[in-house]
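A.B. asks: Structure for the following, please:
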Amino acid sequence: MQGAGGDPARCPFLAGSDVFDPFGDDYLRDPAGNLRWSRDQEPVFFSEALGYWVVTRYDDVKAVFRDHETFSPSIALEKITPTSEEANEVLASYGYAMGRTLVNEDEPAHMPRRRALMDPFLPERLVHHEEMVRAVTREFVDRFIDDGRADLVDQMLWEVPLTVALHFLGVPEEDMPTLRRYSVAHTVNTWGRPAPEQQVAVADAVGRFWQLSGEIVAKLRADPSGDGWMAYGVRQNAVMPDVVTDSYVHSIMMAGLVAAHETTANAAANAIKLLLETPDAWREICEDPSLIPNAVEECLRHSGSIVAWRRIATRDTIVGGVEIPAGGKLLVVTGSANHDDREFDDPDAVDIRRINAGEHLTFGFGSHQCMGKNLARMEMQIILEELAARLPHLELDPDQEFSYLPNTSFRGPEHLVVTWDPERNPERADPSVLERRQALHVGEPSSKLVSHRMRVQTHELIADGIVRVRLTSATGRPVPAWTPGSHIDLDCGDLSRQYSLCGRVDDRDAFEIAVLEEPESRGGSRWVHHALHVGSEVVVRGPRNHFRLDPGDGRVVFVAGGIGITPIVSLAAAARDAGREYSIHYAGRSRGSMAFLDRLAEEHGDRLHVFAADEGRRLDLDALAATIRPGDRIHACGPARLLDGIAHATRALPPETLKTEHFTSTIGVLDPANEHPFEIVLRDSGVTLEVPADRTVLQRLRAANIDVRSDCEEGLCGSCEVAVVDGEVDHRDVVLSAAERASHRTMMTCCSRACGARLELQL
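C.D. replies: Residues are numbered from 1 along each chain as shown. I've put the predicted structure just below:
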C-alpha cells in the first residue's frame, strides 16, 4: 500500500523495513537470510533510510528486469551515497566524465550498441580463450601448491580474473595491486557508503582509474588491430561512430575492467567458500568433475557476487501489488530472489544437481542481462576443476572471520584462507592428474550435466519381457523428490532414454522404473535388460514431469497400453489420495505381459478395468470417449497405435480433455530441403534472430548467447520449453497436450519451428 503524497504506509507489525541496512554486517554476510522476512511478509517495501523501494521476490524481480521501459536502468551506476564537494572537485580535476554504458543505458541507444559490441562474447568466440584461462589458473596454483596454506583471494582469485580480463579486453597487463585498488574504489564510489573522510581518497583512486582507462584507449587507437574486446570496440567506433562513440569507448574501458574482473573474482571466492562449507558437495565434484558446470550455476544462485541492481520507475506502476510512483527508485535484490522458495525448492540448501539452478537472476534478465556471463562461467569452471583435481583435501581455516566490502550490490569475501596437507597432493603420487581435464561447457549447462550416480539395487522380471529396476543413490543420499507422472533420463551406454517412475512418491530411498524389452529397440531397453545387473552403477538425470495430474475435482480416466502403465501407477494413486472419481483402463496382449496387475487390483479394486487381448477383451476407445462428461480428463500412455486411437476417438471433445505421454520421439534428422527460414523475436532480450533452414531454434539461441536448457533434443523430455508471445508454432515434440499445441503459447526449441515467417518468444 502507499500513503498520501507517495509516502509508504506499512502494517505496524512489520518492523523489518525500518531496520533494513544494506551496508550492515547481517546483510553483507547473508543477504537472502536478512531479507527472508520481506519475501514472506512484505516483498516490496520502502526503505526510508535508503530512499529506495526494495524488491525481494523472484517473480517481482524478474518482472522488473523484463520491463526496461517502465523500469529504467539509468540509475544503475548512480552514486548511492552523495559525495562531498571536495570529492567532486577531485574527480573533476581528472576530467572524470563516466557516461552511459551497457549497464545503465536506455533504449533506443542501448540495443544498437549491445549488438555492435556483442560478437566477442558469443560462445563460439569464447572457446579459444580456454587455453589461456587454464594456463593462467595453473600458474597461480603452482605458486602455492606445496605451501599447505593460502589466502585464495590474495594469492589467486583476485589476480586470475584480472589477468583473464586484461587478456579478454586486449589491453596490456598493468600493475595488478594498483588496478585492484582502483576497482575497489570504483565499487565503493558507486554502490558503497564511504565516510566523509574517505571520500576524497576514493575519488582520487576513481579519477586515476578514469585517467588510466583513457591512456589505454589512446594506445589502442594508435593500433586497433590486436585481439580483444576493446580493440574490437575501437574498430567498431571507426565503422559506426554514431553508435559506438568516442566517449562511449572510454566509459566501457573503465566499466569493462570492473565488470570482467571484480564480479568474477568475487563469484569464484563465494563458490569455493560455499562448496568447502558443504563438504559433501565438494567431495562429489572432486570425484565427478562433470558436475562442475551445474555446481557453478548453483553457487551463482546461492551465493552470487551480484546481490542487487537498481532501477527507476519512469511512470506510476505496480510491483508485487504495491504502488510505485514515477521517479521511485528500486533496489532489486537478486540475492533474495534467488532464495525464493516459490521458485526454488529448499532454496537455502546447496544442491549441485538442482535442475533449475540456471534460472537464477545473478546475471540479471532480459535486454540488460550480463554479456560476460559465459566468460565468468568459463573461469569459474576452470578454477574449480583445477582446485578439485589438485587439492581435493582443501579445507577452510576454521579460525578466520569473513569480511565483506560494505555496499548494496557486490559481494565476496575480502579474504579466503584455506589449508591442506601438501603430502597428500594427488599429483605427487600420480602426475597424470595434471593432464586430466573436463570438456569445457561454454554457456548455460545442459540438463545432461545435472546427473545423479545411482546403483541398481534390484533387477527383476515382473511380467513377460518387463524388468523392474530399483535404483538407489551411489552416495547414500535420499533421491530427489518427485511428483506423480514424472520420468527420469537414464544413460544407457551411449544412449539417453526416458523412463517413467512407477514407485511410490514418498519413497525417498530409491527410484523405480519398469522397462519392456522392445523387439525394435533403439538400444535402450535391450541395454537395461542385458547390460544392467544388481550393483551396476548408472547415471540418471531428473526427475522431470510433463504428465502431471490435472488439478481440480473432475473425473479422471486413465488409459494405458502395455508398458504405458508405468506413469499411470503413480497418477492413479494420486487421484485416489485426492478423493477424486477415477477409473483405469489397462490393455495388453495377455495378463502375463501386463505389469503391476496385482498391485493395481489391490489399490484400486473395481476402478481397474483389464483388457487382455488373449481373453477376447479389447478396449473400445470410441465407446470410452462417449462416456466422457464436461470437465472430465483423460490421461493416456502407451504405444503410438493406442495414442492415435484415443486422439481420434476424442477429436470432438475440448482439446484440454486429453493428455498423453509418448514412449518415443517421431523427430527425424532436420532436412533443410523441406524447411523454411524464419525469424524469432526475443521480447525480453530485444534481439531478433534468423533461424535458417538447417538450424534449430535451440541452436540459434545458444549461438546468440541466450540461456536455454536442453537434454534429449528429441522433443521427448520438455527441458528446452520456452514461452511464445506471438506467432503459430509448427509443433514437432511429443510432450505438449493438444490444448497446449492449439494455444501456440509454448514450444520445444530443440525441434519445433514456425508455421510462418515469425515467432515472438518470451526470452
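
A.B. asks: Now name the helix or strand holding residue 471.
C.D. replies: Using DSSP states H and E, residue 471 maps to strand 466-473.

A.B. asks: Give me the contacts around that strand.
C.D. replies: 452-462, 479, 502-503, 509-517, 528-529, 532, 538, 540, 563, 593, 595 (Cβ atoms under 8 Å, 6 or more residues apart in numbering). (Glycine included, C-beta is placed from N, CA and C.)

A.B. asks: Which secondary structure state is assigned to the closest residue to residue 348 other than its chain neighbours?
C.D. replies: Excluding the flanking residues, the one nearest residue 348 by Cβ to Cβ, 6 or more residues apart in numbering is residue 339, at 6.2 Å. Three-state call for residue 339 (DSSP: H, G, I helix; E, B strand; the rest coil): coil.

A.B. asks: Enumerate every residue touching residue 339.
C.D. replies: 32, 33, 36, 39, 302, 347, 348.

A.B. asks: Residue 651: which of these is nearest?
C.D. replies: residue 347 (43.7 Å; Cβ to Cβ).

A.B. asks: Confirm that residue 54 sits in a strand.
C.D. replies: Yes - per three-state DSSP, residue 54 lies within a strand segment.

A.B. asks: name the element the closest residue to it other than its chain neighbours belongs to?
C.D. replies: In space, and not counting its chain neighbours, residue 54 is closest to residue 331: 4.9 Å by Cβ to Cβ, 6+ apart. Assessed by DSSP H and E, residue 331 sits inside strand 329-332.

A.B. asks: Kindly report the same for residue 254.
C.D. replies: Here residue 254 sits within helix 246-276, counting by DSSP H and E.

A.B. asks: tell me what the helix or strand that that helix is followed by is packed against?
C.D. replies: Scanning forward in sequence from helix 246-276 by DSSP H and E, the next helix or strand is helix 279-287. In terms of contacts (3 or more Cβ pairs under 8 Å, 6 or more residues apart in numbering; DSSP states H and E), helix 279-287 is packed against helix 246-276, helix 292-303, helix 373-390.

A.B. asks: who wins for proximity to residue 578 among these?
C.D. replies: Nearest to residue 578, of all these, is helix 292-303, at 32.4 Å by Cβ to Cβ.

A.B. asks: Just the C-alpha atoms of that closest one, please, in CSV.
C.D. replies: Output of helix 292-303 as CSV, limited to C-alpha atoms (Å, rounded to 0.1, in the frame of the first residue of the first chain):
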residue,chain,number,x,y,z
ILE,A,292,31.1,-28.7,-12.0
PRO,A,293,29.2,-26.7,-14.7
ASN,A,294,25.9,-27.1,-12.8
ALA,A,295,27.7,-26.6,-9.4
VAL,A,296,28.8,-23.2,-10.8
GLU,A,297,25.1,-22.4,-11.5
GLU,A,298,24.1,-23.4,-8.0
CYS,A,299,26.9,-21.3,-6.5
LEU,A,300,25.8,-18.3,-8.5
ARG,A,301,22.3,-18.9,-7.4
HIS,A,302,23.0,-19.5,-3.7
SER,A,303,25.9,-17.1,-3.2
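
A.B. asks: now it: mean pLDDT?
C.D. replies: Here helix 292-303 scores 95 as its mean pLDDT.

A.B. asks: Then stretch 468-478?
C.D. replies: 91.

A.B. asks: Can you verify my assumption that residue 464 contacts residue 591?
C.D. replies: No - the pair residue 464 / residue 591 is not scored as a contact, 9.6 Å apart, by Cβ atoms under 8 Å.

A.B. asks: Contacts only, for the residue nearest in space to the middle of the chain.
C.D. replies: The centroid of the chain falls nearest to residue 358 when counting by Cα atoms, centre = their mean (1.0 Å). By Cβ under 8 Å, 6+ apart, the residues touching residue 358 are 294, 297, 444, 445, 707, 709.

A.B. asks: gap between it and residue 468?
C.D. replies: Distance of residue 358 to residue 468, computed by Cβ to Cβ, to the nearest Å: 33 Å.

A.B. asks: picking that back up, from the contacts of residue 358, which single one is nearest residue 583?
C.D. replies: Nearest to residue 583, judged by Cβ to Cβ, of those is residue 709 at 36.3 Å.

A.B. asks: Sticking with that closest one, tell me its helix or strand.
C.D. replies: Residue 709 belongs to no helix or strand, assigned by DSSP H and E.

A.B. asks: Need the pLDDT of it.
C.D. replies: According to the model, residue 709 scores 76 on pLDDT.

A.B. asks: wait, doesn't residue 518 sit right on residue 528?
C.D. replies: No - taking contacts as Cβ under 8 Å, residue 518 lies outside contact range of residue 528: 10.4 Å.

A.B. asks: More neighbours: which of those two?
C.D. replies: More crowded of residue 518 and residue 528, by other Cβ atoms under 10 Å: residue 528, with 24 against 18.

A.B. asks: Give me the nearest residue to that one, chain neighbours excluded.
C.D. replies: According to Cβ to Cβ, 6+ apart, the nearest residue to residue 528 is residue 515 (4.5 Å).

A.B. asks: Can you get me a residue count around the one you found?
C.D. replies: When neighbours are defined as other Cβ under 10 Å, residue 515 has 27 of them.

A.B. asks: Quick one: list the elements packing against whichever strand or helix holds it.
C.D. replies: Using DSSP H and E, residue 515 maps to strand 511-516. Strand 511-516 sits against strand 466-473, strand 487-492, strand 495-500, helix 524-530, with contacts defined as 3+ Cβ pairs under 8 Å, 6+ apart.

A.B. asks: Looking at the ones you listed, which is nearest to residue 52?
C.D. replies: So among those, strand 487-492 is nearest, using Cβ to Cβ, at 43.8 Å.

A.B. asks: mind saving the C-alpha coords of the closest one as CSV?
C.D. replies: The C-alpha trace of strand 487-492 is given here as CSV (Å, rounded to 0.1, in the frame of the first residue of the first chain):
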residue,chain,number,x,y,z
HIS,A,487,10.2,-39.5,-15.6
ILE,A,488,13.9,-39.8,-15.4
ASP,A,489,16.6,-39.8,-18.1
LEU,A,490,18.8,-42.9,-17.9
ASP,A,491,22.1,-43.1,-19.7
CYS,A,492,22.0,-46.5,-21.4
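
A.B. asks: what's near enough to touch residue 389?
C.D. replies: 286, 289, 426, 433, 434, 436.

A.B. asks: what's the answer for residue 493, then?
C.D. replies: Per Cβ under 8 Å, 6+ apart, neighbours of residue 493: 523, 527, 531.

A.B. asks: Break this structure down into its domains, please.
C.D. replies: 85-94+102-419, 447-544, 556-661, 672-761 (automatic domain parsing).

A.B. asks: need those domains in a markdown table with distance to residue 49, can you?
C.D. replies: A markdown table is the format used below for the domains of the chain (distance: least, Cβ to Cβ, whole Å):
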| stretch | distance to residue 49 |
| --- | --- |
| domain 85-94+102-419 | 11 |
| domain 447-544 | 41 |
| domain 556-661 | 48 |
| domain 672-761 | 32 |
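
A.B. asks: looking at those, which has the lowest confidence?
C.D. replies: Across the domains of the chain, domain 672-761 has the smallest mean pLDDT, namely a mean of 86.

A.B. asks: can I assume residue 584 sits in a strand?
C.D. replies: Yes - per three-state DSSP, residue 584 lies within a strand segment.

A.B. asks: Count the neighbours of it for me.
C.D. replies: Every residue meeting other Cβ under 10 Å relative to residue 584 is counted, giving 24.

A.B. asks: In three-state terms, how would residue 681 be classified?
C.D. replies: Assignment for residue 681 (three-state DSSP): strand.

A.B. asks: need the contact list for it.
C.D. replies: 687, 688, 726, 758, 759, 760, 761.

A.B. asks: Quick one, which of these are buried?
C.D. replies: Buried members of the contacts of residue 681, scored by 16 or more other Cβ atoms under 10 Å, are 687, 759, 760, 761.

A.B. asks: Quick check: can you name the pairing partners of the helix or strand hosting the second one and their directions?
C.D. replies: Okay, so that is residue 759. Per DSSP H and E, residue 759 falls inside strand 758-761. Strand 758-761 has these partner strands in its sheet, going by DSSP bridges: strand 678-682 (parallel), strand 721-726 (antiparallel).
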